[in-house]
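Colleague: Predicted model follows, preceded by the sequence.
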Amino acid sequence: MCPVSFYATYSTVVAPSCSFPCSSSKTSITIPTTVSTKSISAKDVWTRTPRSPFSNTQQQQRRTRTQQQQHQPTYLDRTVNMNELLTSIGQTQNVQQLHAVMSPYNGTNLSIRFMVSLLSREPDWQRALALLDWMNEKARYSPSVSAYNVVLRNVLRAKQWLFAHGLFDEMRQKGISPDKYTYSTLITHFGKHGLFDSSFFWLQQMERDNVSGDLVLYSNLIELSRKLCDYSKAISIFNTLKASANIVPDLIAYNTMISVFGKAKHFREARLLLQEMRDNGVNPNTVSYSTLLAIYVDNQKFVEALSLFSEMNETECVLDLTTCNIMIDVYGQLHMIKEADCFFWGMRKMGIEPNVVSYNTILRVYGEAELYGEAVHLFSLMQRKGVPQNVVTYNTMISIYGKSLEHEKATNLIQEMQSRGVQPNAITYSTIISIWEKAGKLDRAAMLFHKLRSSGVKIDDVLYQTMIVAYQKAGLVAHAKRLLHELKQPDNVSRETAITVLARAGKVDEAMWVFRQAFDAGEVKDISVFGCMIDVFSRNRKYAHVVEVFEKMREFGHFPDSNVIALVLNAFGKLRKFEKADALYKQMYEKGCVFPDEVHFQMLSLYGARMDFTRVESLFEKIDSHPNINKKELYFVVANIYERADRFNDASRIMNRLNHKAIRSHDNA
DNA sequence: CTAGGGTTAG
C-alpha cells in the first residue's frame, strides 16, 4: 500500500477535534498505592486509537510532501534531521496531527533503529504512544521490543501504571517477548514508587519467562530487596550475580552491597568487600568508605570507624561533605566534643560548606554535652546565616530544651516551626509527649495524642508506645491498658503498628490474633513486623507461633535474616522437627545467604541433640574449610556436643586437632 | 534503549 492510496481511503472522513490525550480511553490514570495486576486486561486501558483522517488542508500539505519524497530511497535515516522531526512532533496536539507529521515516512522509510532512537528522545508519553500507533498502523513493521521498552520507560516515568500494564499486554499479544530491559524497567519503576506488589508480580513474570539477568537487572532486584529491608534476599541476589561468569559488579553495585552487608550486620563481609573490589579492579571511592563508616557508627563500632577513617586518608579518596558529617557524628558519640567542634568549624577551610545535616549533627553533640548555650547560639546562627532549618533541626532543638528542662521553650518551637512551614512529624510529637510527661503535664500530652488520633496524622509504633509509657510512668495504668486494648481493633493506626506495639508490650496472644487477621487481609508487608513477632514468640517460648509466622513470611517471599534463621532453627529444634531445620539451613545456604558463626554452631548443636554424629562430622568439615569462621569457637562447640553425648574420645579428638592446628599456624608465623 | 550508592531527630 503506497501513501497516496492511504490518503484516498480516508479523504471523505471528517477529522474529530481531539487533543491529547489521544483518545478518551487513554485518559491519564494515576494509582497512588497498589495496583492489582490481575484485574487489568489490555482492552480496559489500551484501546488503540481508531484510524482518523486529516483535514483537507493538512491532507493537501501531506500529499505534496509525500509526492516529493516518493522517489527517495527506502531508508531515509541519514537524510532526516531527527531534531527537526522531534520538534515537529512536539508541536502536534493530537494523534491525527502526529500521524500527519509522520506520514511522509509511511511505508518502510525509517528504520526501526531510527524509530527507537526517536522514541527514546520523545519526552511526552502520550506522543510516544501515538508514535507506536503510527508504527503499528503505517510503518508496516512492528515496533521492536526495544521500541516498546523505551515507550514503557516513558509511560512509567509519567506514573501511568495502568498503561504500563496495558503496554506489556500489547507486547504479548503481538508476540513480542519482553526481555531483560522490559522487566528491568518495570521492576525498578514500580519498586521506586513503593508498589512492591506490582514489582514482585513482574519479577515472577520474569522468572516464568526464564529471562536471565544482567548487572542492571540484578542491581534493580537488589535495590528492591533493600527497599523492603530484606537484606538476606539482596545478598542472595548478589551471590547469584557473582556466580554468573559474565557479570562483574561495578563500583555502585559494590557500594550498595557494602551497605546491605552492614544493614544485615555482617560487618566482616562488608569490610572484606573493599578488598574484593580492588581484586576485581574496582577501586573503592569516598562513597565506599563513607558507607562503611556509617555502618560502624550505626552499630557503635567507633574504634573500627576511626581506623577506617585513617585508612581512607591514606588512599586517593577525597573527604566530602557526607563523610565530614559522619565524622562529626563519630567524634560526638565518642564524647570527643573538641574534635567534633574542630571538624565542624574546620570544614570551610577544607573547602567544604557545612549543610543542614552538619549543623543538625553538631547541634545534637552540643545538646548531649549539655552545652545548651552553644546549642541555642548555633540554632540562631543558622537562622542568621540562612541555613535552612528542617524538621530534624527543630526536633533536635526541642529535645535539647527538654533536656535543659525548658519545656515551655520546647512547646513554643512547635508553633514556630509550623509558622515557618516546617511540619511536625511523629518524632516531634513523641519528643514533646515525653517532655510534657516529665514536666508533669500529662493532661496536655493526652490531649495532644487524642487530637492527633482524630486528625489523621500518621501515628507510628514509637509514638503510640510513647503515650502508653507516659501513662505508665504517671501511674495511670488503666489508661495505658486501654490504649493497648484499643489496638485489637485499630482504627487510626495501621495493623502493622498495632502488632508491633502489642508484641513489644508482651501481649503475645493479642499480637498473634491481630497478625493473623492482618496477614489474611494482605496488610502485613513490612519484614520488620515478621522479625518482631518471631523475636517475641521465641522469648515467650511459643515455638509453634514462631514457625507459623516464619512460614507466612516465606509465603510472602521474604528471606529470613540471620537472627530469624537462628530463632527458627531453635524453634524447630524445640519442636523436634529436625528435618525441617535441616532443610531450612540447607536451602538458605544454597541461596547464598551469609550466616553468622552462631547459626552454623546452632545447626551443629541440633544434629548433636538428635545424636546424628555423621551429619555433625560432615558439617564440621564443611565449616572448618571456611576461611572466615572462628576456628577456636567451632572446635569448642563440636567438642562440647560430643561431651554432652558422653563421647569423650571424640571430644578429645577434636580438641587435639585444634591444638595441632594452633601449633602449625604458630610454626607458619 | 534500561539502573543503582553514603550523613542528622523520638
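Modeller: Arrived safely. This one's a predicted model, so the numbers in the text were calculated from it and none came from an experiment.
Colleague: What residue, apart from its backbone neighbours, is nearest the residue most central in space within chain A spatially?
Modeller: Nearest to the mean C-alpha position of chain A, counting by Cα atoms, centre = their mean, stands A:K227 at 1.3 Å. Spatially, and ignoring its direct neighbours in sequence, A:K227 is nearest to A:G191 (6.1 Å; Cβ to Cβ, 6 or more residues apart in numbering). C-betas here are computed from N, CA, C, even on glycine.
Colleague: neighbouring contacts of the strand or helix carrying that neighbour?
Modeller: In the assignment (DSSP states H and E), A:G191 maps to helix A:180-192. The contact list for helix A:180-192 (Cβ atoms under 8 Å, 6 or more residues apart in numbering) reads A:35, A:145-146, A:148-149, A:152-153, A:156-157, A:161, A:164, A:168, A:171, A:196, A:198-199, A:202-203, A:205-206, A:209, A:211-214, A:216-217, A:220-221, A:223-224, A:227.
Colleague: So is that helix next to DNA strand B?
Modeller: Yes - with Cβ under 7 Å from any atom of the strand as the measure, helix A:180-192 is seen reaching DNA strand B through A:K180, A:Y181, A:S184, A:T185, A:T188, A:K192.
Colleague: Who are the contact partners of A:Q205?
Modeller: A:Q205 neighbours (Cβ under 8 Å, 6+ apart): A:P178, A:Y183.
Colleague: where does it land in three-state SS?
Modeller: helix (DSSP: H, G, I helix; E, B strand; the rest coil).
Colleague: Contacts only, for the residue nearest to the centre of chain A.
Modeller: A:G191, A:G194, A:F196.
Colleague: That one and DNA strand B, how far apart?
Modeller: Distance, A:K227 to DNA strand B, by Cβ to the nearest atom of the strand, to the nearest Å: 9 Å.
Colleague: Buried residues, the helix holding A:G191. List them.
Modeller: A:K180, A:Y181, A:T182, A:Y183, A:S184, A:T185, A:L186, A:I187, A:T188, A:H189, A:F190, A:G191 (16 or more other Cβ atoms under 10 Å).
Colleague: Same list (these) but as JSON lines, adding pLDDT and distance to A:A478.
Modeller: What follows is the buried residues of helix A:180-192, written out as JSON lines (pLDDT from 0 to 100; distance: Cβ to Cβ, whole Å):
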{"residue": "A:K180", "pLDDT": "89", "distance to A:A478": "60"}
{"residue": "A:Y181", "pLDDT": "90", "distance to A:A478": "61"}
{"residue": "A:T182", "pLDDT": "93", "distance to A:A478": "58"}
{"residue": "A:Y183", "pLDDT": "92", "distance to A:A478": "55"}
{"residue": "A:S184", "pLDDT": "90", "distance to A:A478": "56"}
{"residue": "A:T185", "pLDDT": "91", "distance to A:A478": "55"}
{"residue": "A:L186", "pLDDT": "92", "distance to A:A478": "52"}
{"residue": "A:I187", "pLDDT": "89", "distance to A:A478": "50"}
{"residue": "A:T188", "pLDDT": "87", "distance to A:A478": "51"}
{"residue": "A:H189", "pLDDT": "88", "distance to A:A478": "50"}
{"residue": "A:F190", "pLDDT": "86", "distance to A:A478": "46"}
{"residue": "A:G191", "pLDDT": "81", "distance to A:A478": "45"}
